[in-house]
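K.L.:
any chance you could fold what I've pasted below:
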Amino acid sequence: MAKGKDVRVRVILECTGCVQKDSNKESKGKSKGISRYITQKNRHNTPSRLELRKFCPYCYKHTIHGEIKK
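P.N.:
Below is the predicted model:
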């Protein structure tokens, strides 16, 4: 079975709010982190990048989590 032919693929969703906050500040100490979820999507039904509202434990609210490259 070839890897590129699978219909269902595993994707990583990353919090867009944490990424913006993390890139703006350059802290030497502890970084709060970036919320990430792993899920699956159907490649034929959803060819574009997936965006879902998920809970971010670092922002303490529901934010948009977008698909990132592996």
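
K.L.:
which element follows the helix or strand of the chain with the lowest mean pLDDT toward the C-terminus?
P.N.:
Least confident element among the helices and strands of the chain, by mean pLDDT, DSSP states H and E: helix 16-24 (a mean of 77). Tracing the chain past helix 16-24, the next element assigned as helix or strand by DSSP states H and E is strand 36-42.

K.L.:
how about that next one: buried residues?
P.N.:
Buried residues in strand 36-42, counting neighbours by 16 or more other CB atoms under 10 Å, are found at Lys41. C-betas here are computed from N, CA, C, even on glycine.

K.L.:
could you spell out the sheet neighbours of that strand, each with its direction?
P.N.:
Strand 36-42 has the following strand partners under DSSP bridges: strand 8-15 (antiparallel).

K.L.:
now the partner strand, how far from the chain's geometric center?
P.N.:
Averaging C-alpha positions (CA atoms, centre = their mean, to the nearest Å) puts strand 8-15 6 Å from its chain's average.

K.L.:
ok, now stretch 44-63?
P.N.:
Centroid separation for stretch 44-63 versus its chain: 6 Å, with CA atoms, centre = their mean.

K.L.:
pull out the buried positions in that stretch.
P.N.:
Judged by neighbour count (16+ other CB under 10 Å), stretch 44-63 contains these buried residues: 56, 58, 63.

K.L.:
the last one falls within a strand, correct?
P.N.:
This points to Thr63. Yes. Thr63 sits within a strand when classified using DSSP: H, G, I helix; E, B strand; the rest coil.

K.L.:
wait, it sits on Glu14?
P.N.:
No. Judged on CB atoms under 8 Å, Thr63 makes no contact with Glu14 at a distance of 10.3 Å.

K.L.:
tell me, what's touching those two both at once?
P.N.:
With contacts taken as CB atoms under 8 Å, 6 or more residues apart in numbering, Thr63 and Glu14 have Ser35 as neighbours in common.

K.L.:
sounds good, over and out.
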